[in-house]
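3D model of this:
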Amino acid sequence: MQAARIESLLSARLFQAPQIVGDRLFFASNLGGCLSLYAMDRGGSVPEPLLPPGLALQNPHLVARLFQVYPKLGKILLMLDHNGDENYQPMFIPLDGGYPEPALGDTLSDYRCQLDHYDTDQNLAYFFAESRNEPLSVSFRADLATGEVTELFRSMYEAFVAGSDSERDRLALVEGYTAGDSVLYLWEPETGEARLLNGRRLEEREPGEEVPLTSFGAAEFTRSGRGLLLMTSLFEDTYGLGYIALAEPETVARVQVRGQVHEGLGEMENLKHLRDDRYALQYNIDGCSWLYEGVFDEATLEMSLERVICGQGELAGGVMDSFYYDKANDRFVLSFSTATSPTQLYTVEGPSLGETHRQTRERVLGLPQEHLSAGEDASFTSHDGLRVSARLYLPSPALGFEGPRPLVYYVHGGPQGQERPDFAWFSMPLIQFLTLNGFAVFVPNARGSTGYGLSYMKHVDRDWGGQDRLDHVHAMKLLADDARLDVGRAGVVGRSYGGYMTLTLATRHPELWSAAVDMFGPYDLLTFTDRVPETWKPYFAIAVGDPVKDKAFLVERSPRHYVDDIQCPLLVIQGKNDPRVIEQESRDVVEHLRQRGKEVDYLMFPDEGHDVLKYENRVHCYNTITDFFRKHLMNEAT
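From the prediction side, this is the model:
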C-alpha cells in the first residue's frame, strides 16, 4: 500500500467565516495557498479572489471577526495584519474585491484592533482596540460612512461591545478580568459615558473579596427596549440565559430555556438576535455543535427553541466553524466539518428553515474514507475523581497495521480551549496523518478546558503545571492498560499552552516520553509574561501569576526550572511574527538545551505568527512532526 501523503489531507481547502448577501457568498479560504477572501454565487460558481495574491489573512479562530460585508456602502471591512503579527487594522475593499485601503485613516494606528460588533443597517463598526504601548484597552464606535470615530470605554482589562440597541442608540459593554469574572455597563448617548449596570468592578473590591462569577457574554436588547437578554453563569455552571430589566439592573433574572433535543455533556456557547423576538442559541455538546432558533417571551422570561439549524442530519457530529444570519431572506449560512470530513459551506433556508443545501464539495484527495479515523470516546476519571473528556484515534483497521501502536499524546492550547472533531483546526489533519502512519493519538481535554462548564475551566487559573499536569500523568497510567497501545513508545506534542505543557511533561516526567514536539510554547513563565503585549499583562498577572509577587511560584512552574532533566529528543516549532509567544522564547529553550548537549531540532517559519497557515509551511510542518515521531518512536530513518 502506498504511503499516505499530507498533501492528500491538505488538498481539502478551508471554507470559513461565511456571510451571504443576496445571491453572493463571501468567505475565507486557503484556495490559493494562504488564507484569503473569496466570493461565489449561491448554488455554485468558481470562487473569485477578492484580495491580491500573497496577501495572507489570519486564522478566523484567533480574531473576533475577520471581515464584515457592508452592502449599503458597497464595501467589505477587513481586519488585516502582517503575516500573523496580529497588529490588525480596519481596511476597506470593494464588494467585488481590490487592494485594501485604510477604512479610518490612521485614527486607530496606535492600537491592535478587533471588530467585535457591527450594524450593517447603519454602517457602524465597533472595535475592541488594544494599545501597542501601554496596558490599555479602548472600545470605539466608527461610522464607516463618515469616518467619525467615538471612544466609548477604556480599561486596563478587556472591554468589548456585547450588544447594541440601534433604535435608541444604546450599547451593552462587558469588562472582563479573567474567565467568568466580568461586569456589565450601559452606554447611553445622553451622557456619552458607560454606567455600571451589574457586577462589582475589580478596583472597588476589598483584598481577598470574592464576588459571584457572572460570565456576562453576548447581550441583546429586547424588542421592547426595557431589558437585556444575555448569557451568564449565575444560574448554571454550563451557562444559560439571564434577563436584566434596565429599570432594576441590580437583579439578574433567570430565563428558562425549553425545547432542547440534544443529549450529552457540554455548555451554551452563543446567543444572537435574529429578528423581532427570535434568537439563535448555540451549544457545544460533547465537542459537537448545536444551533437552534427560538422565541423569547419577555413577559414570562422563557426561551422556546423551535427548530434545529445545526446538530442533526447532514450537520451532525461535527463543529460549526461559524454561522451568519441573513435577515433579509430569513436564512443561515454556516461552515461545518467533522473529524473525517473537511469544512463545507451550507445554507439553511426555505419554509420553516427546513432545507439544507451544501454549497461546496471539498474532499481529501486519493484517500478512501475508511482509512480515516473517527476516534472513540476515551474519557477517564483522573487522580482526584474529576472526569476528564478525551478521545483516542487509532489507525483504521483497513490500513493493516498489526500489534500495539506507538502513542502520540496531543495537548491542546489555551489552556482554556478544547480539542473538538474539527477539520478546520490545525490539529485534525495532524491527528489523521499520524494515524495513517500507524500511530495512535490520544487527545484529552484536561481540567481548564472549555466545553464543560465554568468550574471545570477555572481549575487552571493560577495553577499552570499543577493539577492539569497530573491529569496527563494519570492518563498515561491508564493508557498503559490498553493492549492496543505501546506506551513504551510515546511522544507528546502541543501548541501554545499545549507547547508549555509538552515542555512541562517532558522535563518533569521524562520517563514517560521517547520524543516531544513543542509548538510555540512558553518556556519560562517570567520571560513569557514579560514579553506578551502590554495589554495582556494585567490578565496574566491575575490568571497565571504576578511576576513580582508570585515570582517563586512562576519559577517553580516553568519548564526552564527542570529543563536539564529532559531525556528525550525535542523538536521546537515557532513562527517568527508570533506576538503571543515570541520567537525569542522558543529560541531560549533551543539554545539552553544545545549548550548542554541535548538533542533538539528547531523549525522556525519567518512568515507565520501564532499558527502555521500557509500551504507550503503546513506541508513542511506536518511532515517534520510525523517524521520526527517515526524516527524516535518507530526507529525509522527519515
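
Which parts of the stretch 251-400 of the chain are strands?
If DSSP state E, counting those that start in this stretch is used as the criterion, the strands of the stretch 251-400 of the chain fall at 253-258, 266-275, 278-285, 288-297, 302-310, 319-326, 331-337, 344-349, 355-358, 376-377, 380-381, 387-393.

For residue 102, which of those strands is the nearest?
Shortest separation from residue 102 across these is recorded for strand 319-326, at 25.2 Å, computed as CB to CB. Just so you know, the C-beta spots here come from the backbone N, C-alpha and C atoms, and that holds for glycine as well.

pLDDT (mean, whole number) over stretch 596-612?
Per-residue pLDDT values across stretch 596-612 average out to 94.

before we move on, what about stretch 625-638?
Mean pLDDT, stretch 625-638: 86.

Buried residues, that stretch. List them.
Along stretch 625-638, these residues count as buried under the neighbour rule (16 or more other CB atoms under 10 Å): 625, 626, 628, 629, 630, 632, 633.

Now do it: everything it contacts.
Outside of stretch 625-638, the residues that reach it under the criterion CB atoms under 8 Å, 6 or more residues apart in numbering are 6, 406-408, 430, 433-434, 437-439, 489-491, 493, 514-515, 517, 568-569, 571, 573, 601.

hmm, which of those residues are the buried ones?
Restricting the contacts of stretch 625-638 to buried positions leaves 6, 406-408, 430, 433-434, 437-439, 489-491, 493, 514-515, 517, 568-569, 571, 573, with burial counted as 16+ other CB under 10 Å.

Sort out for me which of those are in helices.
Per DSSP state H, helices hold the following members of those: 6, 430, 433, 434.

closest to residue 85 among those?
Proximity to residue 85 was ranked across these by CB to CB; first place goes to residue 430, at 24.1 Å.

okay but that closest one is in contact with residue 619, surely?
No: in this structure, residue 430 sits apart from residue 619 without contact. The criterion is CB atoms under 8 Å, and the distance is 11.8 Å.

show me where pLDDT drops low in this structure?
Low-confidence segments of the chain, defined by pLDDT under 70, span residues 1-2, 636-638.

Just give me the longest helix of it.
If each helix of the chain is counted by residues according to DSSP H, the longest one is helix 615-633.

ok so, going back, could you dump the buried residues of stretch 625-638 to a markdown table with distance to residue 607?
A markdown table is the format used below for the buried residues of stretch 625-638 (distance: CB to CB, whole Å):
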| residue | distance to residue 607 |
| --- | --- |
| 625 | 19 |
| 626 | 22 |
| 628 | 22 |
| 629 | 25 |
| 630 | 27 |
| 632 | 28 |
| 633 | 30 |
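
Name the nearest of these relative to residue 95.
The closest of the buried residues of stretch 625-638 to residue 95 turns out to be residue 625 (CB to CB; 40.1 Å).

gap between that closest one and residue 633?
Relative to residue 633, residue 625 is positioned 12 Å away (CB to CB, to the nearest Å).

ditto for residue 322
For residue 322, the distance to residue 633 (CB to CB) stands at 36 Å.

How about residue 263?
Plainly put, residue 263 is 38 Å away from residue 633 if you go by CB to CB.

Helices of this protein, start to end?
6-10, 427-436, 454-458, 467-479, 497-508, 525-531, 537-543, 551-556, 583-595, 615-633.

Pick the most buried one from those helices.
Mean neighbour count (mean count of other CB atoms under 10 Å) peaks for helix 497-508 among the helices of the chain, with a mean of 26.

Now tell me what touches that one from outside.
Taking CB under 8 Å, 6+ apart as the criterion, the residues outside helix 497-508 that touch it are 409-415, 417, 464-465, 468-469, 472-473, 492-494, 512-513, 516-523, 557, 559, 562-563, 565-566, 568, 570, 581, 589.

Relative to the whole chain's centre, how far out is it?
20 Å (CA atoms, centre = their mean, to the nearest Å).

For that helix, C-alpha coordinates in CSV please.
Taking only C-alpha atoms (Å, rounded to 0.1, in the frame of the first residue of the first chain), the coordinates of helix 497-508 have been written out as CSV:
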residue,chain,number,x,y,z
TYR,A,497,-0.2,26.4,26.2
GLY,A,498,-0.1,22.8,24.8
GLY,A,499,3.6,23.6,24.0
TYR,A,500,4.1,24.7,27.6
MET,A,501,2.5,21.5,28.8
THR,A,502,4.6,19.5,26.4
LEU,A,503,7.8,21.0,27.8
THR,A,504,6.5,20.6,31.4
LEU,A,505,5.7,16.9,30.9
ALA,A,506,9.0,16.2,29.0
THR,A,507,11.1,17.8,31.7
ARG,A,508,9.2,16.8,34.9
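
quick one, it and helix 427-436 angle?
When axes from the mean of the first three to the mean of the last three CA atoms, to 10 degrees is applied, the directions of helix 497-508 and helix 427-436 differ by 50 degrees.

tell me the angle of helix 497-508 relative to helix 467-479?
Using the same axes, to 10 degrees, helix 497-508 lies at 70 degrees relative to helix 467-479.

begin at 721 from here
Okay, using 721 as the starting number, the last item reads as helix 1217-1228.

quick one, helix 1217-1228 and helix 1303-1315 angle?
Regarding helix 1217-1228 and helix 1303-1315, their directions subtend 20 degrees when assessed with the same axes, to 10 degrees.

And the strands in the stretch 821-970 of the chain?
Read by DSSP E, counting those that start in this stretch, the stretch 821-970 of the chain holds these strands, from start to end of the chain: 821-822, 831-839, 844-851, 857-863, 869-875, 878-885, 890-898, 901-908, 913-918, 939-941, 947-952, 960-965.
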